[in-house]
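In: next one to model:
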Amino acid sequence: MEQNNLLGKYLAIPSTTPLGIEVTKARGIYLYGPNNERYFDLISGIAVANIGHRHPKVVSAIKEQVDKYMHVMTYGEYKQTPQTLLAEKLAQILPSKLNTTYFVNSGTEANEAAMKLAKRITGRSEIIACEKSYHGNTHGSLSVTGNENKKYAFRPLLPDIRFIKFNNIDDLKYITHRTAGIIIEPIQGDAGVRIPSKMYMQSLKDMCTESGAILIVDEVQTGFGRTGKFFAFEHFDIIPDIITMAKAMGGGMPIGAFSSSRENMEKLTFNPTLGHITTFGGHPVNCAAALANIDVLLEEDLISKVDEKGKLFEELLVHPKIKEFRRIGLMMALEFDSEETVQKIVLQCLKKRVICFWFLSCHNSFRLSPPLIITEKEIQEACEIIIEVINGV
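Out: This next block holds a predicted model:
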């Protein structure tokens, strides 16, 4: 297991091929190594650092909260100002029917809780998900993830799960009066940035309304400005029944959440009481960071510039070896002829200190999802290096 030496003798690692670079500091769109070597982080820690690494306002909010208190009690027992202010801020941003938020620790936990809530609201058991979807790695979230290679070793998983084709209106007929809910990414991320039609998403919402099924929109990767809207569902003029979020929510700190109506969320309060519970969910330091993160997104007007920056990437990354360029906002996938080509490009870019990354469920594409603060000059510099690498493979 020589690979262990890349990350340390005693650290468990999830793959045999970690990138293995040593990070000593991070700021803005850059990571730095032991000799102050600078890397372009064009994946934002996988869609986390939307406002860049260590934004001063987030760092300040964290330090201020740490000086007051950190964990004091399990979620929901004490009144903690960072939680209440963050919930109020989200209620101001989200549609009025998504006015109540429960804070958790991660995206997969948010999705687990959303499925529980859908079952509790409807009294039904069937959950529908999409082929090639990705919703997390805990047992419940893995059960609705449409990638058998990730699942086979851990079966049996949750029963009563049905998969349908993404962006296929005909398959919406499988949403029936026995369906508790359908969980869907508004843009399929891990499948290689797959963008559905507006007609599909609106038909999906109509079918859920007609059947009484709960529409759960997984915005874990797409939320907080990544697609050029605060949340990706806004592109389709729909309102989900439940929204889940995480990744870019905390400005670099670990936090997740799910939001719905007050009426729906109270289903987790009664029959049984403590229908969902978490020890560290809504951690006050993470909530303070998340509140500062949202303030930065709004005050610096970052989201309005996302599509323009994405278009610049698209204009600069033109090459005959690129078979397809899929993009919405600053969420991008570059498709090539094979997995081997992608591996070479990613590793050669890394040697030139530009961090790209592959997709778990789309091996012939690699992802770009830079911080939203990236400048035109930085885009041009990074794209020149990527094109240079593509020329050499």
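
In: separation between Asp171 and Ala292?
Out: Asp171 sits 41 Å away from Ala292 when distances are taken as CB to CB, to the nearest Å. Heads up, the C-betas are built off the backbone N, CA and C, glycines and all.

In: repeat for Ile373
Out: Between Ile373 and Ala292 the computed distance is 14 Å (CB to CB).

In: cool, Phe154 as well?
Out: Computed as CB to CB, the Phe154 to Ala292 distance reads 37 Å.

In: and for Met70?
Out: Applying CB to CB, the value for Met70 to Ala292 is 16 Å.

In: of Phe154 and Ala292, which one has the most company?
Out: More neighbours surround Ala292 than the other of Phe154 and Ala292, with 26 against 11 (other CB atoms under 10 Å).

In: which residue sits closest to the more buried one, ignoring its sequence neighbours?
Out: Nearest non-adjacent residue to Ala292, counting by CB to CB, 6 or more residues apart in numbering: Ala61, 3.7 Å away.

In: domains of this structure?
Out: Per the record, the chain has its domains at 4-55+302-392, 57-299, by automatic domain parsing.

In: buried deepest among these, which one?
Out: Of all the domains of the chain, domain 57-299 has the most neighbours on average by mean count of other CB atoms under 10 Å, namely a mean of 20.

In: for that one, measure first residue to last.
Out: When the termini of domain 57-299 are compared using CA to CA, to the nearest Å, they are 11 Å apart.

In: same check on stretch 245-263?
Out: Criterion CA to CA; first-to-last residue distance in stretch 245-263 is 20 Å.

In: chain center to that stretch, what's the gap?
Out: Relative to the mean C-alpha coordinate of its chain, stretch 245-263 is positioned 10 Å out (CA atoms, centre = their mean, to the nearest Å).

In: is it true that Val193 touches Gly329?
Out: No - with contact taken as CB atoms under 8 Å, Val193 and Gly329 are classed as non-touching, separated by 10.0 Å.

In: can you list contacts of stretch 333-342?
Out: When contacts are taken as CB atoms under 8 Å, 6 or more residues apart in numbering, the neighbours of stretch 333-342 outside the stretch itself are 192-193, 317, 321-327, 345, 358-359, 362-368, 393.

In: ok, now stretch 262-274?
Out: Defining contact as CB under 8 Å, 6+ apart, one finds that stretch 262-274 is touched by 99-100, 102, 113, 116-117, 120-121, 241-242, 275-276.

In: of all these, which two lie farthest apart?
Out: Greatest spatial distance among the contacts of stretch 262-274 (CB to CB): Asn99 and Lys116, at 19.5 Å.

In: at which residues are the strands of the stretch 201-350 of the chain located?
Out: Assignment of strands within the stretch 201-350 of the chain using DSSP state E, counting those that start in this stretch yields the ranges 214-218, 242-245, 256-260, 324-328, 331-335.

In: quick one: terminal-to-terminal distance for stretch 67-81?
Out: End-to-end distance (CA to CA), stretch 67-81: 14 Å.

In: quick one: mean pLDDT for it?
Out: Rounded to a whole number, the mean pLDDT of stretch 67-81 is 97.

In: please apply the same query to stretch 17-32.
Out: Looking at stretch 17-32 alone, the average pLDDT works out to 95.

In: okay, now it: how far is its last residue from its first?
Out: Termini of stretch 17-32 sit 21 Å apart (CA to CA).

In: over to stretch 191-200?
Out: End-to-end distance for stretch 191-200: 18 Å, by CA to CA.

In: following the least confident helix or strand in the chain by mean pLDDT in sequence, what is the next regular element?
Out: Using mean pLDDT, DSSP states H and E, the weakest-scoring helix or strand in the chain turns out to be helix 4-7, at a mean of 67. Once helix 4-7 ends, the next helix or strand along the chain (criterion: DSSP states H and E) is strand 25-27.

In: ok, that next one: who's next to it in the sheet?
Out: Within its sheet, and counting by DSSP bridges, strand 25-27 is paired with strand 30-32 (antiparallel).

In: list the contacts of the partner strand.
Out: By CB under 8 Å, 6+ apart, the list of residues contacting strand 30-32 reads 21, 23-26, 38-41, 53, 355.

In: just how off-centre is that strand within its chain?
Out: On the basis of CA atoms, centre = their mean, strand 30-32 is displaced by 21 Å from the centre of the chain it belongs to.

In: same question for stretch 81-90.
Out: 21 Å.

In: ok, back up a step: among the contacts of stretch 262-274, which are located in helices?
Out: Using DSSP state H, the members of the contacts of stretch 262-274 that fall within helices are 113, 116-117, 120-121.

In: what's the residue nearest to Lys119 when sequence neighbours are not counted in contact with, if anything?
Out: Leaving out its chain neighbours, the residue that sits closest to Lys119 by CB to CB, 6+ apart is Ala180, at 4.7 Å. Contacts for Ala180 were tallied using CB under 8 Å, 6+ apart; they are 115, 118-119, 121-122, 124-127, 213-214.

In: dump the residue contacts of Tyr174.
Out: Here Tyr174 is in contact with 128, 162, 164 (criterion: CB under 8 Å, 6+ apart).

In: could you export the contacts of Ala180 as JSON lines, including pLDDT and distance to Leu86?
Out: As requested, these are arranged in JSON lines below (pLDDT from 0 to 100; distance: CB to CB, whole Å):
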{"residue": "Met115", "pLDDT": "98", "distance to Leu86": "23"}
{"residue": "Ala118", "pLDDT": "98", "distance to Leu86": "24"}
{"residue": "Lys119", "pLDDT": "98", "distance to Leu86": "27"}
{"residue": "Ile121", "pLDDT": "98", "distance to Leu86": "24"}
{"residue": "Thr122", "pLDDT": "98", "distance to Leu86": "28"}
{"residue": "Arg124", "pLDDT": "98", "distance to Leu86": "31"}
{"residue": "Ser125", "pLDDT": "97", "distance to Leu86": "32"}
{"residue": "Glu126", "pLDDT": "98", "distance to Leu86": "33"}
{"residue": "Ile127", "pLDDT": "98", "distance to Leu86": "28"}
{"residue": "Ala213", "pLDDT": "98", "distance to Leu86": "29"}
{"residue": "Ile214", "pLDDT": "98", "distance to Leu86": "24"}
